[in-house]
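A.B. asks: here is my input, please return the structure:
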Amino acid sequence: MTNEQIHRTMDRLAYEIIERNRGADNLVVVGIERAGALVSRELVDAMNRIEECNLTASSLDITRFRDDTPHEERAPDLPDLEDRDVILVDDVLFTGRTARAAIDAVVRSGRPRSIQLLVLVDRGHREYPIQADYVGKVMPTKHRERVEVDTGEWAVDVVE
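C.D. replies: Numbering: from 1, shown residues only. Prediction:
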């Protein structure tokens, strides 16, 4: 995906979110660190342009919530999520482990009305039954391939 394709995709995703949620008034956008946080900022910029609102993007470090690393779980530092519609944002959806950890973190922070997942790229190969609500592009890949998201130049490439 080129820079232009990514920005066009972000606009489309922003419209989809706004339409599905009947506006942006009740939304909280949370980007999963690292690249997901950068994607969430681009998404919020698009939503603010479209809705003429003042949304901000929070970032979430899910390290403490992963099931494949030892850690001490604590509630993350997020804005008030009570009865809000949370849009979790990540760059690539692969096994579903990161998304599952992010959902755990959000639930520990409050009781949102809904949790919706947005990914720039869905590459398949799930280990958990996780499905994104909003997908920028589906890129079927082989297990040995990687999807690299360059957030500096805004490009997406599949590399072996």
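A.B. asks: which residues touch residue 62?
C.D. replies: Residue 62 is in contact with 32-33, 76, 98, 101-102, 104-105, counting by C-beta atoms under 8 Å, 6 or more residues apart in numbering. All C-beta atoms are positioned from the backbone trio N, CA, C, and that covers glycine.
A.B. asks: does residue 148 really touch residue 159, like I thought?
C.D. replies: Yes. Residue 148 lies in contact with residue 159 (C-beta atoms under 8 Å); the separation is 5.7 Å.
A.B. asks: those two - which one has more neighbours?
C.D. replies: residue 148 (14 against 8; other C-beta atoms under 10 Å).
A.B. asks: return the set of residues that bridge with residue 30.
C.D. replies: Applying DSSP bridges to residue 30 yields these beta-bridge partners: residue 58, residue 88.
A.B. asks: number of residues surrounding it?
C.D. replies: For residue 30, the neighbour count with other C-beta under 10 Å is 26.
A.B. asks: who's in contact with it?
C.D. replies: Applying C-beta under 8 Å, 6+ apart, we find residue 30 in contact with 40, 57-60, 78, 86-89, 102, 106.
A.B. asks: any idea how far residue 38 is from it?
C.D. replies: Counting by C-beta to C-beta, to the nearest Å, the separation of residue 30 from residue 38 is 13 Å.
A.B. asks: grab the nearest non-local neighbour of the most centrally placed residue in the chain.
C.D. replies: Central residue of the chain (C-alpha atoms, centre = their mean): residue 89, 1.0 Å from the mean position. Nearest residue to residue 89, sequence neighbours excluded (C-beta to C-beta, 6 or more residues apart in numbering): residue 40, at 3.9 Å.
A.B. asks: lovely, talk soon.
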